[in-house]
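Enquirer: missing the sequence, but the structure's below:
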Ligand code: AHR
């Protein structure tokens, strides 16, 4: 069997893992809101109409932050439609997803849902069809204590205390021609700057995210970030990144190596941020908010009438998809020093790790598992591991390391974890880890997502077909931890240390 090697050493610390990388995304799209987090007629709905099973799974998954309300949806959204007595809220045509929006759920309901789920809200403002005034008004509605038009309205509608929402996205994918009102980098940069200033005048404690490119294939990728940041560097804290992956033309080798593309995107955006930092002679660094990422098959929906909560983009994820998601999680953890926020898209039903049956149960998709494992055990700080070993050939990326690996060390809890993906479809891999620098290291457990059928999915009837399984106990001998990776597998190997 071929072998790969790496080293775990506290001296090779990259940066603390920010809990906000465990974020997700709830958009008014398909059945994410209506029929996902909110289904008032469901037998398990709580007094606010929220599905208790979805709340439970969100907590089990370990989600820290949830972005809302879009996505493409936000670029045509009038947030005022979603406040006040439900019966008086307007029904509107959502042009982004050809959906009938009833506005039964708006910002107050979302904030209430976040409190129940124990997650931090992350709001996006509409910089497509709207601008500075509406964004500042929304901050006033959400965060101002009282005594003004918007804050008193919030209190009148039941939320006496401010929602105190700290993280705000200045629009969404504003480079994308699919938006009703997309912009040039210059126009967006100027608008984002003005909006940021107004929002910060209302609440100086906000953390703001400027829109980066919609994906790495956009022809303006790179120049968009540079120009937008030149206009906004001093007034924003993060720039956004979005990436979705799927196998193309049956090329599973490249699909399994999707993390190579994500790594490249991260390095490229960091370089652009630091270039603008030098150019503007700024003292602060801009960090990365990877606020949409996932596997997404982009199955076109059927022609339909204007309805609420149609089943859109309900991908059924396979074992292979879960392994790729694991490898994308590795990429996010790998640059913990700069990727300090991330949101997998989306939380429920829409390209999601959990699916609900209308009136019935909710179940975990295959992709739930790598997320839960990485969120639970990827704590403390990321370590640089510098693996060496065999390579696999891929049509898209050329030869890539067979082992995709990162590791974290949580000194406070005396725990370390190695997150390892075997990118070979056919070959197992032996991994040897030099742990001599970890005081008192002993192996705790090796769990893996693997199997012969890469297309295997979970279903409502068989919800546990794809799930992590405990492997042979790994051992540490003479300062070396050894374990085997099955072909095409996602693995978490945990260690206890003496601190
Ligand atoms: O997450 C689905 C969609 O993908 C979002 O609405 C948009 O921002 C992205 O293109």
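Expert: Sure thing, it's come through. Here the structure is a predicted model, which means the values were calculated and not measured. Residues are numbered from 1 along each chain as shown.
Enquirer: which strands or helices does the least confident helix or strand in the chain by mean pLDDT pack on?
Expert: Ranked by mean pLDDT, DSSP states H and E, the weakest helix or strand in the chain is strand 475-477, scoring a mean of 94. Strand 475-477 sits against strand 442-449, with contacts defined as 3 or more C-beta pairs under 8 Å, 6 or more residues apart in numbering; DSSP states H and E. C-beta coordinates here come from the backbone N, C-alpha and C atoms, glycine included.
Enquirer: ok, the next helix or strand after the strand it packs on: who's next to it in the sheet?
Expert: The helix or strand immediately downstream of strand 442-449 is strand 469-470, counting by DSSP states H and E. Here strand 469-470 has these sheet partners by DSSP bridges: strand 442-449 (antiparallel).
Enquirer: the ligand contacts on this protein?
Expert: Neighbours of the ligand within the chain, by C-beta under 6 Å from any ligand atom: 27, 29, 70, 71, 72, 172, 173, 214, 292, 345, 346.
Enquirer: can you count the residues close to the residue of the chain at minimum distance from the ligand?
Expert: When scored by C-beta to the nearest ligand atom, the chain has residue 71 as its residue closest to the ligand, at 3.0 Å. Look at residue 71: counted by other C-beta atoms under 10 Å, it has 26 neighbours.
Enquirer: next one: the one 5 residues further on
Expert: Using other C-beta under 10 Å, residue 76 has 21 neighbouring residues.
Enquirer: these two touch, right, it and residue 101?
Expert: No. Using C-beta atoms under 8 Å as the test, residue 76 is too far from residue 101 to be in contact (9.5 Å).
Enquirer: please enumerate the shared neighbours of these two.
Expert: Common neighbours of residue 76 and residue 101 (criterion: C-beta atoms under 8 Å, 6 or more residues apart in numbering): residue 94.
Enquirer: so where's this structure uncertain?
Expert: For the chain, the stretches flagged by pLDDT under 70 are 499.
Enquirer: center of it, which residue is that?
Expert: Nearest to the mean C-alpha position of the chain, by C-alpha atoms, centre = their mean, lies residue 343 at 1.9 Å.
Enquirer: quick one: contacts for that one?
Expert: Residue 343 neighbours (C-beta under 8 Å, 6+ apart): 23, 24, 25, 65, 66, 67, 122, 289, 290, 291, 292, 293.
Enquirer: and the least confident helix or strand of the chain, what's buried?
Expert: residue 476 (16 or more other C-beta atoms under 10 Å).
Enquirer: what residues does that strand touch?
Expert: Against strand 475-477 from outside (C-beta under 8 Å, 6+ apart): 435, 441, 442, 443, 481, 482, 495.
Enquirer: can you turn the buried part of those into a PyMOL selection?
Expert: Remark: buried members of the contacts of strand 475-477, expressed as a PyMOL selection using 16+ other C-beta under 10 Å:
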select buried, resi 435+441+443+481+495
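Enquirer: just give me the closest of the contacts of strand 475-477 to residue 328.
Expert: residue 495 (23.3 Å; C-beta to C-beta).
Enquirer: tell me which helix or strand the closest one sits in.
Expert: strand 489-496.
Enquirer: got it, and residue 340?
Expert: strand 339-345.
Enquirer: which other residues reach the next helix or strand along the chain from that strand?
Expert: Where DSSP H and E defines the elements, the next helix or strand beyond strand 339-345 is strand 354-356. Contact partners of strand 354-356, identified using C-beta under 8 Å, 6+ apart, comprise 31, 35-36, 39, 51, 53-54, 57, 61, 314, 316, 347-349, 362-365, 368, 460.
Enquirer: sorry, back to before: list the buried ones in the strand holding residue 340?
Expert: 339, 340, 341, 342, 343, 344, 345.
Enquirer: same check, this time on stretch 484-499
Expert: Neighbour-count burial for stretch 484-499 flags 484-497 (criterion: 16+ other C-beta under 10 Å).
Enquirer: now swap in stretch 26-42 and tell me
Expert: 26-39, 42.
Enquirer: and if you look at stretch 385-394?
Expert: 385, 387, 389, 392, 394.
Enquirer: what bridges to the residue nearest to the centre of the chain?
Expert: residue 23.
Enquirer: how much space between it and residue 349?
Expert: According to C-beta to C-beta, to the nearest Å, residue 343 stands 16 Å off from residue 349.
Enquirer: what's the answer for residue 424, then?
Expert: On the measure of C-beta to C-beta, residue 424 and residue 349 end up 33 Å apart.
Enquirer: residue 129 now?
Expert: From residue 129 to residue 349 the distance is 26 Å (C-beta to C-beta).
Enquirer: ok, back up a step: from the buried residues of stretch 385-394, pick the one nearest residue 472.
Expert: If you rank those by distance to residue 472 using C-beta to C-beta, residue 389 comes first, at 20.2 Å.
Enquirer: returning to that earlier point: who has more neighbours out of residue 129 and residue 349?
Expert: Ranked by neighbour count (other C-beta under 10 Å), residue 129 and residue 349 place residue 349 first, with 27 against 15.
Enquirer: excluding chain neighbours, what is closest to the more buried one?
Expert: In this structure, residue 349 finds its nearest non-sequential neighbour in residue 31, 4.1 Å apart by C-beta to C-beta, 6 or more residues apart in numbering.
Enquirer: go on, residue 393?
Expert: Leaving aside its chain neighbours, residue 393 sits nearest to residue 399 (5.5 Å; criterion: C-beta to C-beta, 6+ apart).
Enquirer: phi, psi for that neighbour please.
Expert: phi -70, psi 130 (degrees, to the nearest 10).
Enquirer: the longest helix along the chain vs strand 339-345, what angle?
Expert: Criterion DSSP state H: the longest helix present in the chain is helix 258-280. If you take axes from the mean of the first three to the mean of the last three C-alpha atoms, to 10 degrees, helix 258-280 sits at 140 degrees to strand 339-345.
Enquirer: tell me what helix 258-280 is packed against?
Expert: Contact analysis of helix 258-280 by 3+ C-beta pairs under 8 Å, 6+ apart lists helix 223-232, strand 238-245, strand 287-295, helix 319-334 as its packing neighbours.
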